[in-house]
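Novice: dropping a prediction and its sequence here:
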Amino acid sequence: MEFSNPFNNAKTPQEKKEVVMTELRNQANIQIPNAKTNLCQAINNNCFNRCVPKPGSSLSSAEESCLTKCMDKYMAAWNIVSRQYLAREQKEGNGGQY
């Protein structure tokens with residue numbers, strides 16, 4: 001099986017840059033679902049372990065409150081990181097300078 005090199009059709013530096021940006025976006029589209037899965041696993045592992053020291057058949061109100069606050073913190077951090085990532089990608093796409 002023969003693989004084609006996307007740079008073979010790119011003639012100008014701008015076309016080559018666009019090829020690289022397209023490849024990076026494709027990789028991001030693969031990595032973002034993985035990151036979301038990892039986020040859910042981190043929330044489950046860390047928040048559950050922290051907030052439910054003795055698992056039982058139901059959660060106490062204190063455990064529910066703890067889980068809610070813990071998940072909110074993780075999601076807030078996720079949102080900050082996501083916004084920074086998108087801002088950086090846009091900056092890079094608009095001139096390649098940081």
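Specialist: Everything's here; your move.
Novice: helices and strands around the helix ranked longest in the chain, which ones?
Specialist: Taking DSSP state H as the criterion, the chain has its longest helix at helix 61-93. Counting contacts by 3 or more C-beta pairs under 8 Å, 6 or more residues apart in numbering; DSSP states H and E, helix 61-93 packs against helix 13-42, helix 48-51. (C-beta placed from N, C-alpha, C; glycine too.)
Novice: buried residues, that helix. List them.
Specialist: Neighbour counts over helix 61-93 (16 or more other C-beta atoms under 10 Å) mark Glu63, Cys66, Leu67, Cys70, Met71, Tyr74 as buried.
Novice: my guess is the second one contacts Cys51, does it?
Specialist: Yes - applying C-beta atoms under 8 Å as the test, Cys66 and Cys51 come out as touching, 3.5 Å apart.
Novice: so Lys11, which of the three states?
Specialist: Following DSSP: H, G, I helix; E, B strand; the rest coil, Lys11 is assigned to coil.
Novice: look up how far Leu67 lies from it.
Specialist: Distance, Lys11 to Leu67, using C-beta to C-beta, to the nearest Å: 55 Å.
Novice: distance to Asn45 added to the buried residues of helix 61-93, as TSV?
Specialist: Output for the buried residues of helix 61-93, formatted as TSV (distance: C-beta to C-beta, whole Å):
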residue	distance to Asn45
Glu63	16
Cys66	14
Leu67	12
Cys70	11
Met71	12
Tyr74	11
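Novice: so where's this structure shaky on pLDDT?
Specialist: By pLDDT under 70, the weakly predicted segments of the chain are 1-10, 24, 26-33, 94-98.
Novice: checking Lys54 next. Helix, strand or coil?
Specialist: Going by three-state DSSP: Lys54 is coil.
Novice: tell me the phi and psi of it?
Specialist: phi -130, psi 90 (degrees, to the nearest 10).
Novice: ok, Gly56 next?
Specialist: phi -140, psi -160.
Novice: give me the neighbour count for it.
Specialist: By the criterion of other C-beta atoms under 10 Å, Gly56 has 8 neighbours.
Novice: for it, give its distance to Thr22.
Specialist: According to C-beta to C-beta, Gly56 and Thr22 sit 51 Å apart.
Novice: ok, now Gln84?
Specialist: Counting by C-beta to C-beta, the gap from Gln84 to Thr22 is 22 Å.
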